[in-house]
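*Asks:* Sequence and predicted structure, then a few things I'm wondering about:
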Amino acid sequence: MNPSGSKTIRHDIVAPGGRWSHRIERGQRLRIVDREGRQAVDFLCYSADLPLDRYNAANTVKINGNIYIGTGTKLYSDHARVLMTVTEDTCGRHDTLAGCCSAHANFVRYGVRDTPNCRDNFIAELACWGLGPSEIVANVNLFMNVPVRQDGGIAIEQGLSKEGDHVELRAEQDVLAVLSNCPQAHNPAAGFAPTPIEVLVIGA
Ligand SMILES: [Zn+2]
């Protein structure tokens, strides 16, 4: 049992640069803990019954009316159905814009080749569920700080999350949740030194 009195269904530590996925039933909650702070977690979710209906960043931003994700934000799908709702958030800001890091983008941005990256993590984890790279869309970046300036400028800046901050999302339908504990070492997404996270699935 956890402090809320609900049964913990699954409890994992995801190593720096690691990946994780789970089918989460409607009403169950996914809790992600940034154990040491300033650790971006790249997150995708899909309708478990209809995997081609998946998280849609544009629908999420325009229907919630905000580019940031926080308590109360609903994650909308391609079909504008609610996949998950953020029910707890001690960090206060999560990104919808910057998508995942990839070997390709790391080469363009930083001149480094073959770096560990979230896109490769997504490809490997989605394959476990019979889904291919074309199912990767612009994802949620939990605990990643990408402020938008008045002139539209953006940058990945130092994370705002502190040691032990967490975010909790309730499944509003059965969903497949997929995450990559970002291995990025060339920008502040993971504080230039990726750290482990804790992931729990909590019963309804
Ligand atoms: Zn990454």
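*Replies:* Okay, I see it.

*Asks:* pretty sure residue 102 contacts residue 120?
*Replies:* Yes. Residue 102 is in contact with residue 120 according to CB atoms under 8 Å; the separation is 7.4 Å. In this view, the C-beta of every residue, glycine as well, is placed from N, C-alpha and C.

*Asks:* Compare those two (neighbour count), which wins?
*Replies:* Neighbour count, other CB atoms under 10 Å: between residue 102 and residue 120, residue 120 has more, with 20 against 17.

*Asks:* quick one: the more buried one is in a strand?
*Replies:* No. Residue 120: not assigned to a strand; according to DSSP: H, G, I helix; E, B strand; the rest coil it is helix.

*Asks:* Which pLDDT value goes with it?
*Replies:* What the model reports as pLDDT for residue 120 is 98.

*Asks:* contacting residues around the residue lying closest to it once chain neighbours are set aside?
*Replies:* In space, and not counting its chain neighbours, residue 120 is closest to residue 103: 6.8 Å by CB to CB, 6 or more residues apart in numbering. By CB atoms under 8 Å, 6 or more residues apart in numbering, the contact set of residue 103 is 113, 114, 115, 117, 119, 120.

*Asks:* And for the first one, the neighbour number?
*Replies:* It refers to residue 113. Neighbour number of residue 113 under other CB under 10 Å is 9.

*Asks:* for it, what are its contacts?
*Replies:* Applying CB under 8 Å, 6+ apart, the residues contacting residue 113 are 103, 107.

*Asks:* redo that, cut-off 7 Å
*Replies:* Residue 113 is in contact with residue 107, counting by CB atoms under 7 Å, 6 or more residues apart in numbering.
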